[in-house]
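Novice: Requesting a structural model of the entry that follows:
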Amino acid sequence: MTKEKLPVLRDAPSHPGPKGVGRRDFTLLVLGWVGTLGSMLAASAGALRGLVPNLLDEPNLRYRAAKPTDYLDGTDSFLDEIRIFIQRKGNGYRAMSAVCTHLGCTVSPDEKTGRGFRCPCHGSVFDEDGRVLEGPAPTPLPCYELSMARDGRLVIDRDRPVSADRYLMLESDPDSRSDTTDPEGERA
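Specialist: Presented below is the predicted three-dimensional model:
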């Protein structure tokens with residue numbers, strides 16, 4: 001009796017797939033393509049974003065008010081268009097915001113005391129220099145730089161806050177100016 005050779009059982013090779021690509025290789029191949037396409041899309045999005053300028057269409061923060069002689073001494077004149085008070089004390093002028101620093105309501109002169117300002121929304125009280133007397137307003141009312149244009153009108157620059165004690169001082173005759181700017185509001 002001849003000794004027949006019995007077949008040896010061996011582990012089958014991993015499933016090579018139809019073209020010899022295994023599951024692991026196929027997964028790595030797919031991940032590679034996904035990563036490559038993702039990188040190309042991110043680079044394209046970055047290049048397209050570079051074509052759009054970083055500009056914000058913001059309103060001009062400089063405002064031309066009336067001539068100094070139009071504001072009465074010792075008064076707070078309200079400019080409704082930009083919500084600012086022009087305060088005049090003698091020959092000194094100051095521009096103070098009328099926007100409450102709590103939630104942005106417009107403050108008005110305090111009729112209870114006759115001095116300072118009161119917010120009608122939440123009751124914040126400010127003194128005549130804009131300091132907080134009663135909350136919930138967290139900060140004082142800001143003041144802004146005030147200058148004069150060549151045409152004799154006051155120019156308020158809401159982009160330049162100043163301290164509350166800073167006034168634009170004019171000579172006794174408001175038409176003879178000591179601090180002048182050109183008609184566009186730039187300093188001469």
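Novice: C-alpha from now on. contacts and neighbour counts both.
Specialist: OK.
Novice: where in this structure is pLDDT low?
Specialist: 1-3, 7-19, 172-188 (pLDDT under 70).
Novice: Okay, helices next: where are they in the protein?
Specialist: Ranges of helices in the chain, per DSSP state H, are 23-49.
Novice: Any idea which residue is closest to the centre of it?
Specialist: Nearest residue to the geometric centre of the chain (Cα atoms, centre = their mean): residue 58, 9.5 Å.
Novice: how much space between it and residue 159?
Specialist: Applying Cα to Cα, to the nearest Å, the value for residue 58 to residue 159 is 12 Å.
Novice: Likewise for residue 106?
Specialist: In terms of Cα to Cα, residue 106 sits 19 Å off from residue 159.
Novice: more crowded one of these two?
Specialist: Neighbours around residue 106 and residue 159, counted as other Cα atoms under 10 Å, are more numerous at residue 106. The numbers are 18 against 11.
Novice: ok, how many other residues are close to the closest residue to the more buried one other than its chain neighbours?
Specialist: Leaving aside its sequence neighbours, residue 106 sits nearest to residue 99 (Cα to Cα, 6 or more residues apart in numbering; 4.8 Å). Neighbour count of residue 99, defined by other Cα under 10 Å: 19.
Novice: I'd like to know how far the residue nearest to residue 141 when sequence neighbours are not counted sits from residue 55.
Specialist: Using Cα to Cα, 6+ apart and skipping the chain neighbours, the partner closest in space to residue 141 is residue 130 (4.7 Å). Going from residue 130 to residue 55 by Cα to Cα gives 33 Å.
Novice: More neighbours: which of the two?
Specialist: Comparing residue 130 with residue 55 by other Cα under 10 Å, the one with more neighbours is residue 130, at 20 against 6.
Novice: How about the contacts made by the more buried one?
Specialist: Residue 130 makes contacts with 96, 116-117, 140-142, 164, as judged by Cα atoms under 8 Å, 6 or more residues apart in numbering.
Novice: Could I get the CA-only coordinates of the longest strand along the chain as PDB?
Specialist: The longest strand of the chain (DSSP state E) is strand 154-162. Taking Å, rounded to 0.1, in the frame of the first residue of the first chain, the C-alpha atoms of strand 154-162 are listed here in PDB:
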ATOM      1  CA  LEU A 154     -18.100 121.500  15.100                       C
ATOM      2  CA  VAL A 155     -16.800 118.100  14.000                       C
ATOM      3  CA  ILE A 156     -17.400 115.100  16.300                       C
ATOM      4  CA  ASP A 157     -15.100 112.100  15.800                       C
ATOM      5  CA  ARG A 158     -16.800 109.100  17.400                       C
ATOM      6  CA  ASP A 159     -13.700 107.000  16.600                       C
ATOM      7  CA  ARG A 160     -11.700 108.900  19.200                       C
ATOM      8  CA  PRO A 161     -12.900 108.800  22.700                       C
ATOM      9  CA  VAL A 162     -11.500 111.400  25.100                       C
END
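Novice: If anything else comes up later, I'll come back, but that's it for now.
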